[in-house]
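Visitor: sequence first, predicted model second:
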Amino acid sequence: MRLEVPASGDPRDVLRALRAAVLGAGPALALGGAGLPAEVPAGTAAVVTTSGSSGVPKSVVISRNALISSAYSTAARIGEGSWLLAVPATYVAGVQVIVRALLADREPAVVAGPFRPEPFSAAALGMASHVDGARVPSYTSLVPAQLQRLLDAAEHDDTVAQALRSFEAILIGGQALAPAVQERAAAVGARVVRTYGSTETSGGCVYDGVPLDGVELAIVDGEVRLSGPTLADGYLGEPERTASVFPVDENGRRWYRTGDGGDVVDGVLRVTGRLDNVIVSGGVNVSLDRVEAAVRGIRGLESAVVVAIPDATWGQGSAVIVPGLAPDAEAEMLARVRETVAEHVGPVARPAGVIAVDELPTLSSGKPDRRALARRFGGAGLG
C-alpha cells in the first residue's frame, strides 16, 4: 500500500486523508515522520512517528482495523455523538478523535492554532444539535495541561465553565491527571474520563482503569502489558524492536509491553510510573513518576515536573520544576513537598529542591518537554 504525507499538518488535511485511509481504499497516511518508505503493509491506515519519552523516533504502523476497533470500543463505553478536535491531528489522540467522528458519520468540529480557552469554548458551545428532538451528545479529548488552562479560565469566565459542562465526556490522556485537577473538574461539572494507552495501542484503551471491550490487561514482572484488536502492527522497518515490544505468548496472543509499572486492584489498573524513570538514591530505587504524582497532589503544583539531579551525598536526587511559582516561595514550598513525598513515597524519595520557572517548555502535543528540562536542570546539584 502507498504511504503519503498530507499537504500539511492542518487538521482538515489530516481529516481528508484519514477519510480515504479508513473509510476508503487509501493511501495510508504518514504523520510526523520524514524519509519513510513509499510502501507499507497492506491494511495500514497510518504510520505515526513519535519520539515518546525516550526521545528516540518510532514510526508506528497502525492498521485500519485497529483504528476502527478502538473507535467502536470507545463508543461502546462512553456513547456515540459529535466530536471536537482540540489536540494535534498528527498525534494518535487527534487521529482517534477524527476516526470516531467519521465512524459516527459526523464531521468533527475543529479548534486550530495555539490552544486558548476562548476559541475552544466557542467551538464547544457551537456544537449543540438535536436529532428527533433529542440532544446529540458531544465529546472531546484533551491533555491535562489543556484541562487545567480551561479550569483556570472557568474561575472567572462562566462561558468556559458552560463549555466544560456541555460534553458528555472529556477524555484526558497523554500523562497522569493530578487528583487536584480532577477534583476541580468535578466541581465545575465536567465529566472527565481518564484514558491510558499509547500510539502502539491506537490511543487510549483503558478508561478509568478498566480496559475497553476486547482489550486484555496483564501485569508481568511488574510491567503493564496490553493485548487486543487495537494493537499496532509494529514499528516500520524495525522487526527486532517490533518482536521485543510486541511479544507473542505460548497461546499465540500478541502483547504490547508498555514499559510502565503497575498493578490491578479490584479489576482497576493503577499505573505507578515508567520502569525506566527511576533513580538510585543512597542505594534505594526511587520512581520519579511516583514522586511527581505525590507532588502534583499539592494545590498549585498540579503542573510540576520532577527531574533527576546529581547528589554529592546520595548519588542521585530530584528537583521539582514549578511554572508560575514566585522565586521567594521556593523554600516554603520545598518544605511542603518534602513532607508530602515522605508521607506518600518514603523519606529517601524527598526532592532536594524546588525551582520556579516562568513556564514549562512543551512539545507540540501539549505535554511537558522533559528532555529539555533534564538538559537545563539535570546537570548540576542544588547547593
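Guide: Done, it's in.
Visitor: would you mind identifying the next helix or strand past the least confident helix or strand in the chain by mean pLDDT?
Guide: Least confident helix or strand of the chain, by mean pLDDT, DSSP states H and E, is strand 130-131 with a mean of 77. Counting by DSSP states H and E, the next helix or strand C-terminal to strand 130-131 is strand 134-135.
Visitor: paired strands for that following strand, with orientation please.
Guide: strand 130-131 (antiparallel) (DSSP bridges).
Visitor: please, where are all the helices along the stretch 1-150 of the chain?
Guide: Applying DSSP state H, counting those that start in this stretch to the stretch 1-150 of the chain gives helices spanning 11-18, 64-78, 92-103, 117-125, 144-154.
Visitor: out of those, deepest packed?
Guide: Comparing the helices of the stretch 1-150 of the chain by mean neighbour count (mean count of other CB atoms under 10 Å), helix 92-103 ranks first with a mean of 26. For glycine as for every other residue, the C-beta is placed from the backbone atoms N, C-alpha and C.
Visitor: before we move on, the earlier item: in CSV: the helices of the stretch 1-150 of the chain, plus mean pLDDT and distance to residue 198.
Guide: Below are those laid out as CSV (pLDDT from 0 to 100; distance: least, CB to CB, whole Å):
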stretch, mean pLDDT, distance to residue 198
helix 11-18, 91, 19
helix 64-78, 97, 12
helix 92-103, 96, 8
helix 117-125, 96, 25
helix 144-154, 93, 16
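Visitor: right, so of the ones you listed, which gets closest to residue 226?
Guide: helix 64-78 (11.7 Å; CB to CB).
Visitor: tell me the angle the closest one makes with helix 11-18.
Guide: Computed by axes from the mean of the first three to the mean of the last three CA atoms, to 10 degrees, the angle separating helix 64-78 from helix 11-18 equals 110 degrees.
Visitor: helices or strands up against helix 64-78?
Guide: Other elements packing on helix 64-78 under the criterion 3 or more CB pairs under 8 Å, 6 or more residues apart in numbering; DSSP states H and E are strand 44-50, helix 92-103, strand 203-207.
Visitor: hang on, the earlier thing: could the helices of the stretch 1-150 of the chain be laid out in TSV, adding distance to residue 185?
Guide: Shown next, in TSV, are the helices of the stretch 1-150 of the chain (distance: least, CB to CB, whole Å):
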stretch	distance to residue 185
helix 11-18	25
helix 64-78	16
helix 92-103	18
helix 117-125	14
helix 144-154	6
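Visitor: quick one: closest of the ones you listed to residue 264.
Guide: Among the helices of the stretch 1-150 of the chain, helix 64-78 comes nearest to residue 264, with 18.0 Å by CB to CB.
Visitor: could you export that closest one as CSV, CA atoms only?
Guide: Only the C-alpha atoms of helix 64-78 are listed here, as CSV (Å, rounded to 0.1, in the frame of the first residue of the first chain):
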residue,chain,number,x,y,z
ARG,A,64,-7.4,0.4,9.5
ASN,A,65,-8.8,-2.4,11.6
ALA,A,66,-7.0,-1.3,14.8
LEU,A,67,-8.3,2.3,14.5
ILE,A,68,-11.8,1.1,13.8
SER,A,69,-11.8,-1.3,16.7
SER,A,70,-10.6,1.4,19.1
ALA,A,71,-13.2,3.8,17.9
TYR,A,72,-16.1,1.4,18.2
SER,A,73,-14.9,0.2,21.6
THR,A,74,-14.8,3.8,22.8
ALA,A,75,-18.4,4.4,21.5
ALA,A,76,-19.5,1.2,23.3
ARG,A,77,-18.0,2.5,26.6
ILE,A,78,-18.9,6.2,26.6
